[in-house]
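Participant: build me a model from this:
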Amino acid sequence: MSRGRRFDAEPKLNVKKVFAVIIAIAVIIMFVFIIKGVLTKGDDKGKISSQSYFAAYHENKWGVIDANGNFVIDPSYQEMVVVPNPKADVFLCTYDVNYETGEYKTKALNSKSEQLFEQYDQIEAIQNKDEANTLWYEDNVLKVQKEGKYGMINLSGKEVVAPDYDELTAVSGIKNAYLVKKDNHYGIVDGEGKVILAPTYLSITNLGKDNKSGYIVKADNEKQGIVDYSAKQVVEIKYDGIEKVYGNDYYVVTQGGKQKLIKKDGTDVLTTGFDTITAILTSQENAIIFTKGGKYGVMKVTGEVIIPAQYEDIKPAKTGTVIAKKDGKYGVIDLTQTEKIPFTYQSITYQDKADIYVAENEQFESTIYNRDFEEKVKGMLLEFNIEKGYLKMIIGDGTKYYNFQFEEKKDTEILPNNTLYLQKKDGKFGFVDKNGKTVIEHIYDDATEQNAYGYAGIKKDGKWGSIDSKGNVVQEPTYSLDEYLSVDFIGRWHLGMDMNMNYYTQE
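Facilitator: Okay, here's the model as predicted:
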C-alpha cells in the first residue's frame, strides 16, 4: 500500500495485540477529547460542524469521508489529506510534491472544496508527539508561512501569531505550547498568540508534562536554568545541565560533571551517595529514587537511605509506596520494603486519578488492585477510561465493565447512547437493544461494540464487515484484519493499520 511519504507516521481490540493496544489507549483518549473540542467562534471557515470528518485512503489516493462514509474530498491526492480536527470543516492537502528536492505545495479546503486562507504561501497542521512517539495534530491552530516566515492561525482563519518567525513547531508532548525561532534564538507562544517566553534562548525544552510546569532554558553562555510559565526564573541559569526530574521545589542539576539535588534557590541538598537521581517522590517523605552501581534505591533528602540500591528498577507510585523490580519481575513495596503486591508481574502501573494499580503478566492478563492493595478484578484489560471512570475487561467468556470502585456496570449504563449492545451467547456474537431483545442473531465469530457513529464490526469465517445503528449489514465480512491493532468502521470503511495516521480505507 502506497501512503503519504512525508508522515512520521473505539475499536475492537484483537486480544493477541492487546499489549500494543494498551499503549495506544492514549491515542484513543486524545481522539475523544478532539471530538468534544470547541474552537473559537468565527465565520463559516473552520466552523464546528455536527458532522465528523476522517482521512480516507482509496485506490492509492487520499481524500476525506464523513461519518456516513461518503466522500467529502474525492481521493485524488498522492499525500495524506490531514484532518486536524474531526469536527472542523478544514482539510489540509499537499500537492505538487518533488520527492527529490522535498519541495511541495499545500492548500486548505472545506467540504465544498472551496479553498481557504489563500493569503498564505503554505498551510500545515502542527504535529506533536508524546513520550511513546504517538503522533497527534494540534486541533485548534494551523501553521502558516508567508514570504519565508511562519505564524499561526486558528481554524476560522484568525491570525493569532503573525508570520514573523524563522521556525514554529509544537513543544514535544505539550498541548498549547509552541516553540518559535527568531535570529537563532528560541521562545514560546501559546495558541492564543501570547508570548510566554521571548525568543532569547539557545534552546528550550519542557520540564514537565504540561505547559504550566516550566521550561529548561539554555542561555548564550551555554548554561541552563528553569523559567516558569510567567517567564519568572525558578532556577538560576548557571548549570551545565538540568534533568526533567523535579518535585517539592527540588530540582536535579549537573555541575562540574556531577549530578546533584538542589532547592530552587540554588542551595545544595544532596551531592553524594548516588550515581544518578531518577525521580523525586512528591510526598511527605521528601525522598528521591536513585541509582548506584546499576541498582535502584530510595534515599531521603537528608541522605538517609531507606531502601538500599538493590532493585533492578524503582518507579514512583502512591504516597508511601514504590513499584520495584527484582529477579525480572515487578511488585509494590512500601518504604520499609514490606511487600504490598507480590513480585510476580511483567509490569505494574499506578493510575493516580483512579488510585488503583494495574498489574500485567506475560500473557497480557491484568490484575487490578485497589488503594488498599486488595485484588479486585482479574482478566484482559481492554479499556481504561479516565474521563468516564470505568474499566472494560474480558473475564472468562464475556466482557464486563467496572467503575473505579469496582462495582460492575451494565453496558447500557456505560454506553447510554448506543442503539445496539454486543452480546455473546453459546460462543457466538450478536446484538440486543436496550431492553435485551435480540436485534441481530448470535451468528458471528467476533464483533465490536457500536462506535460513536453508530457502526459496529462483525466477523465471520475469519473476515470482518460492518453493520449500522439499526443492525443493517453495510459491509459483508470480506476484510482480513487479524494483523490490525484495532478494528473500527465508518460505513464500509475500516480503520487503517497505522493508528498514528488515524485514517480509514477499503483496501
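
Participant: let me know the helix or strand that Asn133 is in.
Facilitator: Secondary structure from DSSP states H and E places Asn133 outside every helix and strand.

Participant: likewise Thr412?
Facilitator: helix 411-414.

Participant: rounded mean pLDDT for that helix, please.
Facilitator: Average pLDDT, helix 411-414: 95.

Participant: can you give me the buried ones in the next helix or strand after it?
Facilitator: Counting by DSSP H and E, the next helix or strand C-terminal to helix 411-414 is strand 421-425. For strand 421-425, a neighbour-count test (16 or more other Cβ atoms under 10 Å) marks Tyr421, Leu422, Gln423 as buried. For glycine as for every other residue, the C-beta is placed from the backbone atoms N, C-alpha and C.

Participant: mind listing what the second one touches?
Facilitator: The contact partners of Leu422, by Cβ atoms under 8 Å, 6 or more residues apart in numbering, come to Thr399, Asp411, Phe429, Phe431, Ala447, Thr448, Glu449, Gln450, Ala456.

Participant: bridging residues for the last one?
Facilitator: Note on Ala456: beta-bridge partners Ile467, judged by DSSP bridges.

Participant: check what pLDDT it gets.
Facilitator: Ala456 is given a pLDDT of 98.

Participant: any figure for the gap between it and Gly303?
Facilitator: 59 Å (Cβ to Cβ, to the nearest Å).

Participant: kindly report the same for the fourth one.
Facilitator: Shown here: Phe431 relative to Gly303, a distance of 63 Å by Cβ to Cβ.

Participant: higher neighbour count, the two?
Facilitator: Between Phe431 and Gly303, counted using other Cβ atoms under 10 Å, the more crowded position is Phe431 (23 against 13).

Participant: adding pLDDT and distance to Asn206, write the buried residues of strand 421-425 out as TSV.
Facilitator: TSV is the format used below for the buried residues of strand 421-425 (pLDDT from 0 to 100; distance: Cβ to Cβ, whole Å):
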residue	pLDDT	distance to Asn206
Tyr421	96	42
Leu422	95	41
Gln423	93	46
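
Participant: now Ile341. Nearest residue, chain neighbours left out?
Facilitator: Of all residues not flanking Ile341 in the chain, Val332 sits nearest, at 3.9 Å (Cβ to Cβ, 6 or more residues apart in numbering).

Participant: and for the one you found, the neighbour number?
Facilitator: Neighbour tally, Val332, other Cβ under 10 Å: 24.

Participant: list the contacts for it?
Facilitator: Applying Cβ under 8 Å, 6+ apart, we find Val332 in contact with Ala317, Thr321, Val322, Ile323, Ala324, Glu339, Lys340, Ile341, Ile348, Tyr357, Tyr369, Phe373.

Participant: about what we covered before: can you list the contacts of Leu422 in a markdown table and add secondary structure?
Facilitator: Output for these, formatted as a markdown table (DSSP: H, G, I helix; E, B strand; the rest coil):
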| residue | secondary structure |
| --- | --- |
| Thr399 | strand |
| Asp411 | helix |
| Phe429 | strand |
| Phe431 | strand |
| Ala447 | strand |
| Thr448 | coil |
| Glu449 | coil |
| Gln450 | coil |
| Ala456 | strand |
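
Participant: re the thing from before, and for the helix holding Thr412, what are the contacting residues?
Facilitator: For helix 411-414, using Cβ under 8 Å, 6+ apart, the contacting residues are Lys388, Tyr390, Lys392, Thr399, Tyr401, Asn418, Tyr421, Leu422, Lys434, Glu449.

Participant: from those, list the buried ones, please.
Facilitator: Neighbour-count burial (16+ other Cβ under 10 Å) applied to these gives Tyr390, Lys392, Thr399, Tyr401, Asn418, Tyr421, Leu422, Glu449.

Participant: could you dump the residues you listed into JSON lines with distance to Gly465 added?
Facilitator: Output for those, formatted as JSON lines (distance: Cβ to Cβ, whole Å):
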{"residue": "Tyr390", "distance to Gly465": "28"}
{"residue": "Lys392", "distance to Gly465": "23"}
{"residue": "Thr399", "distance to Gly465": "20"}
{"residue": "Tyr401", "distance to Gly465": "26"}
{"residue": "Asn418", "distance to Gly465": "19"}
{"residue": "Tyr421", "distance to Gly465": "19"}
{"residue": "Leu422", "distance to Gly465": "15"}
{"residue": "Glu449", "distance to Gly465": "15"}
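
Participant: okay, who's weakest in those by pLDDT?
Facilitator: The member of these with the lowest pLDDT is Thr399, and it reads 90.

Participant: what residues are up against it?
Facilitator: Contacts here follow Cβ under 8 Å, 6+ apart; on that basis Thr399 touches Leu382, Lys392, Met393, Asp411, Leu422, Lys424.

Participant: what's the closest of these to Ile490?
Facilitator: Of all these, Leu422 has the smallest distance to Ile490: 18.1 Å, by Cβ to Cβ.

Participant: look up which residues are beta-bridged to the closest one.
Facilitator: Beta-bridge pairing of Leu422 under DSSP bridges involves Phe431.

Participant: how near is it to Tyr186?
Facilitator: 50 Å.

Participant: circling back to that earlier point, buried ones only from the contacts of Val332, please, as a ChimeraX command.
Facilitator: To isolate the buried ones among these in ChimeraX, judged by 16+ other Cβ under 10 Å, type:
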select :317,321,322,323,324,340,341,348,357,369
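
Participant: what's the closest of the contacts of Val332 to Thr134?
Facilitator: Among those, and counting by Cβ to Cβ, the member closest to Thr134 is Ile348, at 21.4 Å.

Participant: doesn't Tyr357 make contact with the closest one?
Facilitator: Yes - shown here, Ile348 and Tyr357 form a contact pair, counting by Cβ atoms under 8 Å, at 6.0 Å.

Participant: overlap of the contact sets of these two?
Facilitator: Common neighbours of Ile348 and Tyr357 (Cβ under 8 Å, 6+ apart) are Val332, Ile341.

Participant: sketch out the low-pLDDT regions of this protein for me.
Facilitator: 1-50, 283-284 (pLDDT under 70).

Participant: quick one, helices of it?
Facilitator: Assigned by DSSP state H, the chain shows helices spanning 18-36, 411-414.

Participant: quick revisit: among the contacts of Val332, name the ones in strands.
Facilitator: Thr321, Val322, Ile323, Ala324, Glu339, Lys340, Ile341, Ile348, Tyr357, Tyr369 (DSSP state E).

Participant: give the contact list for the third one.
Facilitator: In other words, Ile323. Contact analysis of Ile323 by Cβ under 8 Å, 6+ apart lists Asp313, Ile314, Lys315, Pro316, Ala317, Tyr330, Gly331, Val332, Ile348, Thr349, Tyr350.

Participant: and if we set it to 10 Å?
Facilitator: Contacts for Ile323 were tallied using Cβ atoms under 10 Å, 6 or more residues apart in numbering; they are 311, 313-317, 330-333, 340-341, 345, 347-350, 357, 359.

Participant: chain neighbours aside, what residue packs nearest to it?
Facilitator: Lys315 (4.4 Å).

Participant: from memory Lys410 sits against Gln423, does it?
Facilitator: No - look at Lys410 against Gln423 with Cβ atoms under 10 Å: they stay out of range, at 11.7 Å.

Participant: which neighbours do these two share?
Facilitator: Common neighbours of Lys410 and Gln423, using Cβ under 10 Å, 6+ apart, are Gly436.
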